[in-house]
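>>> Just to be clear, the model below is a prediction. Sequence and coordinates:
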Amino acid sequence: MRFLSMIRLKENTGQVPSEQLMADMGKLIEEMTRTGKLISTAGLRPTSEGVRVRLRNGKLSTSDGPFTETKEVVGGYAVLEASSKAEAIELTKRFLKIHGEDWDIECEVRQLDGPEFGRS
């Protein structure tokens with residue numbers, strides 16, 4: 001089963017990952033990729049560089065970022081291969097734990113759905 005783990009963070013804190021965190025993250029990503037648990041991962045650029053495209057009442061509109069009404073944003077993601085939701089949660093906990101005590105982030109874990117994942 002595949003799961004999407006979305007990393008939510010407060011965008012305007014100015015907090016940046018330390019060199020140690022980046023090294024630890026690199027090791028975790030390498031291990032999880034080698035074992036087939038991590039399919040894909042990436043960080044997202046700031047909302048100031050984003051655009052929202054909306055369909056409302058049959059009309060399309062676009063809004064340029066930043067999106068000030070948003071307190072927390074999706075700052076990155078990981079696509080995980082796991083045998084169960086519990087395993088996907090444990091993999092996500094490993095990612096969060098390496099951040100230590102200085103970070104205030106959370107991940108939302110949701111199973112991917114559709115025919116390519118054995119569900120319709």
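Yep, that arrived.
>>> Would you mind measuring the gap between the ends of stretch 4-14?
26 Å (CA to CA, to the nearest Å).
>>> could you point out which element follows the longest helix anywhere in the chain?
Longest helix in the chain, counting residues (DSSP state H): helix 19-34. Scanning forward in sequence from helix 19-34 by DSSP states H and E, the next helix or strand is strand 38-43.
>>> so how far is that next one off the chain centroid?
Relative to its chain's centre, strand 38-43 lies at 8 Å (CA atoms, centre = their mean, to the nearest Å).
>>> how many degrees apart are that strand and helix 19-34 in direction?
150 degrees (axes from the mean of the first three to the mean of the last three CA atoms, to 10 degrees).
>>> centroid residue for this structure?
The residue lying closest to the centre of the chain (CA atoms, centre = their mean) is Tyr77, at 2.2 Å.
>>> Any buried residues in the longest helix of the chain, and which?
Judged by neighbour count using 16 or more other CB atoms under 10 Å, the buried positions of helix 19-34 are Asp24, Leu28, Met32. For every residue, glycine as well, the C-beta is placed using N, CA and C.
>>> One more: stretch 61-72?
Gly65.
>>> contacting residues around the residue nearest to the centre of the chain?
Leu4, Ser5, Met6, Ile7, Ser40, Thr41, Ala42, Leu44 (CB atoms under 8 Å, 6 or more residues apart in numbering).
>>> same thing but 10 Å
Neighbouring residues of Tyr77 by CB atoms under 10 Å, 6 or more residues apart in numbering: Leu4, Ser5, Met6, Ile7, Ser40, Thr41, Ala42, Gly43, Leu44, Cys107, Glu108.
>>> Next, give phi and psi for the last one.
Going back to what we said before, that points to Glu108. Main-chain dihedrals, Glu108, degrees, to the nearest 10: phi -100, psi 130.
>>> what pairs with the nearest residue to it once chain neighbours are set aside across the strands?
Nearest-residue entry for Glu108: Met6, 4.7 Å, with adjacent residues in sequence omitted and distances by CB to CB, 6 or more residues apart in numbering. For Met6, the beta-bridge assignment (DSSP bridges) gives partners Tyr77, Glu108.
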